[in-house]
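# coords below, sequence missing:
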């Protein structure tokens with residue numbers, strides 16, 4: 001079975017510490033870690049040894065599935081682009097699911113082309129894509 005590794009940010013979140021504090025523990029040798037590229041990774045066993053207790057079940061890694069989608073809309077006016085991107089961004093922000101949706105919009109004025117980038121859970125992304133389709137049809 002593969003060893004479970006945590007980033008410094010994840011360890012800080014699990015322990016309720018600042019990231020700099022965790023890095024200091026690693027540099028001082030109080031918390032064992034390995035360096036992968038420019039980042040530290042801490043094994044679950046080392047983290048449990050450091051805290052003296054097993055990690056809660058909620059901290060153990062669960063399967064994570066996420067979708068990345070890019071929607072390109074050509075021949076869209078700046079006014080419609082503004083309306084559409086505002087609506088889509090606000091809809092994504094109101095999502096109350098486990099995996100929050102993240103949305104970015106990029107508009108090319110010369111080409112009158114809008115790209116909407118959607119990142120998030122599969123079901124939430126699919127629902128937002130259907131909404132985008134409906135909104136585009138109404139433009």
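Perfect, thanks for sending it. Values in this document were obtained by computation on a predicted structure and should not be read as measured data.
# quick check: domain ranges of the protein?
Structural domains assigned to the chain are 5-59, 67-137, following automatic domain parsing.
# possible to save those as a markdown table with mean pLDDT and mean neighbour count?
Glycine gets a C-beta too; all of them are placed from N, C-alpha and C. Shown next, in a markdown table, are the domains of the chain (pLDDT from 0 to 100; neighbours: other C-beta atoms under 10 Å):
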| stretch | mean pLDDT | mean neighbour count |
| --- | --- | --- |
| domain 5-59 | 87 | 15 |
| domain 67-137 | 89 | 15 |
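# and the strands in this protein?
Secondary structure of the chain by DSSP state E: the strands cover 5-7, 34-36, 39-43, 67-73, 102-108, 113-120.
# for the second one, give me every contacting residue.
Residues lying outside strand 34-36 but in contact with it, judged by C-beta atoms under 8 Å, 6 or more residues apart in numbering, are 5, 40-41, 43.
# that strand pairs with which strands, parallel or anti?
Partners of strand 34-36 in the sheet, by DSSP bridges, are strand 39-43 (antiparallel).
# cool, and the longest one?
In its sheet, strand 113-120 lies beside strand 67-73 (antiparallel), strand 102-108 (antiparallel), with partners assigned from DSSP bridges.
# distance to residue 53 for these - can I get that in CSV?
Listed next are the strands paired with strand 113-120 as CSV, based on distance: least, C-beta to C-beta, whole Å:
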stretch, distance to residue 53
strand 67-73, 36
strand 102-108, 34
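# quick one: which of those strands is nearest residue 48?
Shortest distance between residue 48 and the strands paired with strand 113-120, using C-beta to C-beta, is found for strand 102-108: 31.8 Å.
# chain center to the closest one, what's the gap?
Relative to its parent chain, strand 102-108 has a centroid offset of 16 Å by C-alpha atoms, centre = their mean, to the nearest Å.
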